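J.: just coords:
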Ligand SMILES: Cc1cc2nc3c(=O)[nH]c(=O)nc-3n(C[C@H](O)[C@H](O)[C@H](O)COP(=O)(O)OP(=O)(O)OC[C@H]3O[C@@H](n4cnc5c(N)ncnc54)[C@H](O)[C@@H]3O)c2cc1C
């Protein structure tokens, strides 16, 4: 049986491993960390007394590869969320609340309904989104779209959440890809969902269980320190316990973060600028749900089992700030969002993911390589490869499948 070596057990590596195992390969999966999942993982936080995710992750029903992956590992039922495309929002500046409710079909009649669209906007405002289609490769989101109510209350928060990049630097062309895959396909593609328990329980543990059934071998705390190449192919891997020689017909998928991949494969061009995401977790129990906030510091609030969790994207400006000061600043916003009395701050945890995603700027997009490499038995995967999508779960899973497909032809 052919051996396939997958380096990196984040979502890109897991999706590649599952595809290769399904295609009949004997899979070996290596990760430098003591657990799988990479940037998408859950753990027990002793301070809070519950399991938390390293960061809140929102999926949409239209994330086709992610939904197929969940079906493949039998975990689609582990997600929760509303039955319809509903996005509650609150403006912290004036306490206004509204719910964005796109209709299910492709024809966007919701923009003609004042009860479904952003308050203070009219149907004609939404034509502005067509500008994204005509945006050139150098255009930014901020310069492409008109700055009115629709911008402030929907497009800016959406762009920051999806691209994790300040809008004056974020690529308009990439935003167009996001809109085309979500609102462009109608509300049926925009139903929000997230794990009932945690990211690991939904996306990681069931994948590992399926790989175990397929006799894949998982080696954790196993940093791959080098690749040896000869005659246009990878011939050996440097593992902590020594050199592993590959046999003819063996293949390798490099599913490590961009900087690690560039180190392991000298000469590879990769994105080099990153944006942070800051998550704040508070030990407060609230009915499950989420809400988007504008006009404050907090951007999205999720009520999860045993805690409430806040996401702030494009957060390079915040990563050096004192964690307790940040928690104190955001807690009153959480109380207002959840309409609870502003009592003393409960136990809290601030998680700063400094390199959460690459910066989705026009110049960084040009640095994204495709999955194929000049080495016949090596393909690349990762949310930073040229998936046509921002650095997301959907992009990571698609990248793993694309890399596996290339090697299956090998
Ligand atoms: C806080 C936060 C919030 C997010 N929110 C969302 C969201 O709401 N929706 C969404 O779709 N996406 C979201 N994302 C993005 C999503 O998490 C990523 O796009 C996805 O997890 C990336 O997967 P990956 O496999 O490409 O990379 P990674 O998860 O980084 O996996 C790479 C793996 O390689 C391993 N590795 C590194 N070096 C080596 C080595 N030398 N040898 C072996 N292994 C190695 C690492 O340990 C890691 O496990 C968020 C990310 C963060 C950080």
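T.: Thanks, I have the structure now. Model, not experiment: these values are computed from the prediction.

J.: now the helices for the protein?
T.: Counting by DSSP state H, one finds helices in the chain at the ranges 11-22, 64-72, 130-134, 141-144, 149-150, 156-163, 172-181, 199, 205-213, 258-264, 323-338, 362-365, 393-409.

J.: Now tabulate those in JSON lines and tack on mean neighbour count.
T.: Yep, even glycine has a C-beta here, placed from its N, CA and C like the rest. Formatted as JSON lines, the helices of the chain follow (neighbours: other C-beta atoms under 10 Å):
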{"stretch": "helix 11-22", "mean neighbour count": "29"}
{"stretch": "helix 64-72", "mean neighbour count": "19"}
{"stretch": "helix 130-134", "mean neighbour count": "14"}
{"stretch": "helix 141-144", "mean neighbour count": "21"}
{"stretch": "helix 149-150", "mean neighbour count": "18"}
{"stretch": "helix 156-163", "mean neighbour count": "23"}
{"stretch": "helix 172-181", "mean neighbour count": "21"}
{"stretch": "helix 199", "mean neighbour count": "25"}
{"stretch": "helix 205-213", "mean neighbour count": "18"}
{"stretch": "helix 258-264", "mean neighbour count": "19"}
{"stretch": "helix 323-338", "mean neighbour count": "18"}
{"stretch": "helix 362-365", "mean neighbour count": "18"}
{"stretch": "helix 393-409", "mean neighbour count": "24"}
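
J.: tell me which parts of the stretch 1-150 of the chain are close to the ligand?
T.: Applying C-beta under 6 Å from any ligand atom, we find that the stretch 1-150 of the chain lies next to the ligand at 7-13, 30-33, 38-40, 54-55, 57-58.

J.: Ignore what I typed, I meant the stretch 201-350 of the chain.
T.: Residues of the stretch 201-350 of the chain lying close to the ligand (C-beta under 6 Å from any ligand atom) are 223, 224, 255, 256, 257, 260, 277, 279.

J.: Could you break the chain into its assigned domains?
T.: What automatic domain parsing lists as the domains of the chain is 3-42+199-272+362-409, 87-190.

J.: among these, which is nearest residue 290?
T.: Evaluated over the domains of the chain, closeness to residue 290 peaks at domain 87-190, with 7.4 Å, by C-beta to C-beta.

J.: Residue 176 is in contact with residue 132, isn't it?
T.: Yes - here residue 176 reaches residue 132: they are 4.0 Å apart, a contact under C-beta atoms under 8 Å.

J.: now the domains of the chain in CSV, with mean pLDDT?
T.: Conversion of the domains of the chain to CSV gives the following (pLDDT from 0 to 100):
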stretch, mean pLDDT
domain 3-42+199-272+362-409, 97
domain 87-190, 98
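
J.: which two of the residues of the stretch 201-350 of the chain next to the ligand lie the greatest distance from each other?
T.: The largest separation in these, counting by C-beta to C-beta, is between 224 and 279 at 28.6 Å.

J.: Show me where the stretch 251-400 of the chain has its strands.
T.: 251-254, 274-282, 289-294, 300-304, 307-312, 348-358, 378-380 (DSSP state E, counting those that start in this stretch).

J.: is the shortest one up against the ligand anywhere?
T.: No - contact between strand 378-380 and the ligand is absent, the nearest approach being 10.3 Å (criterion: C-beta under 6 Å from any ligand atom).

J.: Figure out how far that strand is from the centre of its chain.
T.: Taking C-alpha atoms, centre = their mean, to the nearest Å, the mean C-alpha location of strand 378-380 is offset from the chain mean by 21 Å.

J.: Restricted to buried residues, select the residues of the stretch 201-350 of the chain next to the ligand in PyMOL.
T.: Listed next is the PyMOL selection for buried residues among those, using 16 or more other C-beta atoms under 10 Å:
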select buried, resi 224+255+256+257+260+277+279
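
J.: between the residues of the stretch 201-350 of the chain next to the ligand, which is nearest residue 79?
T.: Nearest to residue 79 among these: residue 279, at 19.1 Å, using C-beta to C-beta.

J.: want to try JSON lines for the strands of the stretch 251-400 of the chain, with distance to residue 366 as columns?
T.: Below are the strands of the stretch 251-400 of the chain laid out as JSON lines (distance: least, C-beta to C-beta, whole Å):
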{"stretch": "strand 251-254", "distance to residue 366": "20"}
{"stretch": "strand 274-282", "distance to residue 366": "16"}
{"stretch": "strand 289-294", "distance to residue 366": "31"}
{"stretch": "strand 300-304", "distance to residue 366": "30"}
{"stretch": "strand 307-312", "distance to residue 366": "28"}
{"stretch": "strand 348-358", "distance to residue 366": "12"}
{"stretch": "strand 378-380", "distance to residue 366": "16"}
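
J.: Out of those, flag the one nearest residue 102.
T.: Nearest of the strands of the stretch 251-400 of the chain to residue 102, taken as C-beta to C-beta: strand 289-294 at 14.1 Å.

J.: what packs against that closest one?
T.: Under the contact criterion of 3 or more C-beta pairs under 8 Å, 6 or more residues apart in numbering; DSSP states H and E, strand 289-294 touches strand 87-91, helix 156-163, strand 300-304, helix 323-338.

J.: how about a cut-off of 7 Å?
T.: Other elements packing on strand 289-294 under the criterion 3 or more C-beta pairs under 7 Å, 6 or more residues apart in numbering; DSSP states H and E are strand 87-91, strand 300-304, helix 323-338.

J.: Look up the closest residue to whatever residue of the stretch 101-250 of the chain ends up closest to the ligand, ignoring the ones flanking it.
T.: With C-beta to the nearest ligand atom as the measure, residue 224 is the residue of the stretch 101-250 of the chain nearest to the ligand, at 3.9 Å. Leaving aside its chain neighbours, residue 224 sits nearest to residue 7 (4.7 Å; criterion: C-beta to C-beta, 6 or more residues apart in numbering).
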